[in-house]
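A.B. asks: structure here, sequence nowhere to be found:
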């Protein structure tokens, strides 16, 4: 079991749909992350929130819109996606504030299929 | 960009020690070495991390060379459940970033 919970586990959406991925942690962590992972590839960093503010955006297209409503929750809003956006989307959390001695804890991801 | 080099794949017999190497020749003095693994269809699992000294926990041991240019993750008694992709990561200082390289696919066989 993981301490970072992601919902839903699976999601199928059309290119005109709007959907959201959700992530929750109760470890008191102040940094939260979104990663994207294509099949047989390593996870790629998308966004980092630190103390509920967006601190890192790795040049992600605007059809992906992150939101951090509070320190425990992280959302990823999806709109007008393309089939090539199909992937495993991973959420993670860590202590934050640049504490490079603090491991990231990952959820088990949402497997997204865009049709 | 990832700052590590790992072999793409390795095999290990069940019950034997698995020694996974990692090169990080450009590591800076205060950058940590992290190891994660990812079992199929799950999120990456934290294993261990270190700065200069060797580290051991209930999962594994991390041996870092004195010049810090390479390290080895040791799983002392590999089981079939240790079959996974293992990622060695050098973490930038004073940043929340964690950038994955391509990893080593470890296959443990009976």
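C.D. replies: Perfect, thanks for sending it. Quick caveat, the model's predicted, so the values are computed rather than measured. Numbers count the residues shown, from 1 in each chain, chains lettered A, B, ... in the order given.
A.B. asks: host element of the nearest residue to residue A:33 once chain neighbours are set aside?
C.D. replies: With C-beta to C-beta, 6 or more residues apart in numbering or on different chains as the criterion, residue A:33 has its nearest non-adjacent residue at 4.2 Å, and that residue is residue A:92. To be clear about C-beta, it is placed using only N, CA and C from the backbone, and glycine gets the same treatment. Secondary-structure element containing residue A:92, defined by DSSP states H and E: strand A:87-94.
A.B. asks: got the contact list for that strand?
C.D. replies: Counting contacts by C-beta atoms under 8 Å, 6 or more residues apart in numbering or on different chains, the residues outside strand A:87-94 that touch it are A:4, A:6, A:21, A:23, A:25, A:27, A:29, A:31-39, A:43, A:74, A:76, A:102-107, A:109-112, B:43-44, B:96, B:98.
A.B. asks: got a list of contacts for the helix or strand following it?
C.D. replies: Beyond strand A:87-94 on the C-terminal side, the first helix or strand identified by DSSP H and E is strand A:105-106. For strand A:105-106, the external contacting residues (C-beta under 8 Å, 6+ apart) are A:2-4, A:25, A:27, A:29, A:35, A:90-94, B:43-46.
A.B. asks: circling back to that earlier point, so what are the sheet partners of the strand holding residue A:92 and their directions?
C.D. replies: strand A:31-37 (antiparallel), strand A:105-106 (antiparallel), strand A:110-114 (antiparallel) (DSSP bridges).
A.B. asks: in stretch A:80-87, what's buried?
C.D. replies: Residues of stretch A:80-87 classed as buried by neighbour count (16 or more other C-beta atoms under 10 Å in any protein chain shown): A:81, A:85, A:86, A:87.
A.B. asks: just for chain A, where's the confidence low?
C.D. replies: Residue ranges of chain A with pLDDT under 70: A:1-2.
A.B. asks: mind redoing it with 90?
C.D. replies: Where chain A drops to pLDDT under 90, the residues are A:1-2, A:96-102.
A.B. asks: what does it put close to chain B?
C.D. replies: Where chain A comes near chain B, counting by C-beta under 8 Å from any C-beta of the partner chain, the residues are A:2, A:4, A:31, A:33, A:42-45, A:48, A:50, A:55-56, A:90, A:92, A:94, A:96-101, A:103-109.
A.B. asks: give me the buried subset of those residues.
C.D. replies: Restricting the residues of chain A next to chain B to buried positions leaves A:2, A:4, A:31, A:33, A:42-45, A:48, A:50, A:56, A:90, A:92, A:94, A:96, A:98, A:100, A:103-109, with burial counted as 16+ other C-beta under 10 Å.
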